[in-house]
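>>> structure, please.
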Amino acid sequence: MQPLHTCRLTLRAFSAQDGAALLDYLHQPTASCFFSLAVADLDAAANEARKRAEGESYRAVCLRETGALIGDLFAEAEGDTFSIGWHLNPRYAGQGYAFEAAAALVRELFEQRQARRLYAYVEDTNLASQRLCEKLGMRREGVFMEYVTFSNDEHGQPIYENTQQYALLRHEWLAQQR
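Residues are numbered from 1 along each chain as shown. Now for the predicted structure:
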């Protein structure tokens with residue numbers, strides 16, 4: 001996996017040394033869809049970093065100037081279709097890093113990997129990711145009502161969340177680039 005560079009970021013493969021940075025934002029994920037990825041300590045975070053380093057789905061999002069890991073992106077292939085997503089350390093929210101990183105990933109998927117279609121699932125409560133999908137040119141295809149659960153209520157009952165699906169086709173992306 002070749003690194004991608006933007007004005008402020010480098011998107012690279014994970015390395016086994018990324019555990020401490022992962023711990024910083026995975027110890028208490030803010031978006032419910034990442035609750036299952038929560039890590040309790042540095043050993044668990046180091047194991048997660050090693051797992052990500054072995055695969056092709058994840059990219060570490062790093063500040064270009066310092067090399068500091070501030071989040072991650074994923075793209076999981078299903079033929080010529082990719083499920084995409086992002087998770088940034090909340091300390092770096094509101095600075096445009098998520099858009100900058102995701103736009104670079106989208107470009108790579110359409111230009112280098114010949115993607116035909118990209119899609120992303122976003123929970124109703126994750127307004128920032130909904131806005132990001134729209135800024136990337138994705139359109140909302142539908143809502144899955146009470147689609148998934150990431151946590152339980154105080155009685156141990158699952159809390160089901162509505163999930164929106166956003167998508168972008170290659171020809172739509174190409175038209176936006178003109």
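>>> drop to CA atoms for contacts and neighbour counts, all remaining ones
Will do.
>>> downstream of the helix or strand of the chain with the lowest mean pLDDT, the next helix or strand is which one?
Lowest by mean pLDDT, DSSP states H and E among the helices and strands of the chain is strand 139-152, with a mean of 84. Using DSSP states H and E, the helix or strand that follows strand 139-152 in sequence is strand 158-169.
>>> that following strand: which residues count as buried?
By neighbour count with 16 or more other CA atoms under 10 Å, strand 158-169 contains the buried residues 161, 163-169.
>>> give me the residues contacting the following helix or strand past that strand.
Downstream of strand 158-169, the first helix or strand assigned by DSSP H and E is helix 170-177. Residues from elsewhere that reach helix 170-177 (CA atoms under 8 Å, 6 or more residues apart in numbering): 110, 115-117, 137.
>>> ok, back up a step: could you dump the buried residues of strand 158-169 to TSV with distance to L69 and pLDDT?
Shown next, in TSV, are the buried residues of strand 158-169 (distance: CA to CA, whole Å; pLDDT from 0 to 100):
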residue	distance to L69	pLDDT
E161	30	84
T163	28	91
Q164	28	93
Q165	28	96
Y166	27	98
A167	27	98
L168	27	98
L169	30	98
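>>> among those, which one lies nearest to W86?
Using CA to CA, Y166 comes nearest to W86 of the buried residues of strand 158-169, at 13.6 Å.
>>> verify the stated contact: that closest one with E123.
No. When contacts are counted by CA atoms under 8 Å, Y166 is not listed as touching E123 (10.8 Å).
>>> describe which strands the host helix or strand of R59 pairs with in its sheet and in which direction.
Secondary structure from DSSP H and E places R59 in strand 58-63. Strand 58-63 has the following strand partners under DSSP bridges: strand 9-12 (antiparallel), strand 69-78 (antiparallel).
>>> out of those, which one sits most buried?
strand 9-12 (a mean of 23; mean count of other CA atoms under 10 Å).
>>> rewinding a little: check the offset of the strand holding R59 from the chain's centre.
10 Å (CA atoms, centre = their mean, to the nearest Å).
>>> go on, stretch 149-167?
Taking mean C-alpha positions (CA atoms, centre = their mean), stretch 149-167 and its chain are 19 Å apart.
>>> now tell me what touches it from outside.
32-33, 35-36, 117-124, 133, 138-148.
>>> again, only using 6 Å
118-124, 138-148 (CA atoms under 6 Å, 6 or more residues apart in numbering).
>>> and the buried ones among those residues, selectable in ChimeraX?
A single ChimeraX command selects the buried members of these (16+ other CA under 10 Å):
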select :118,119,120,121,122,123,138,139,140,143
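>>> output the below-cut-off pLDDT ranges for the chain.
29, 32-36 (pLDDT under 70).
>>> one step back: partners of the least confident helix or strand of the chain in the sheet?
Assessed with DSSP bridges, strand 139-152 is paired to strand 158-169 (antiparallel).
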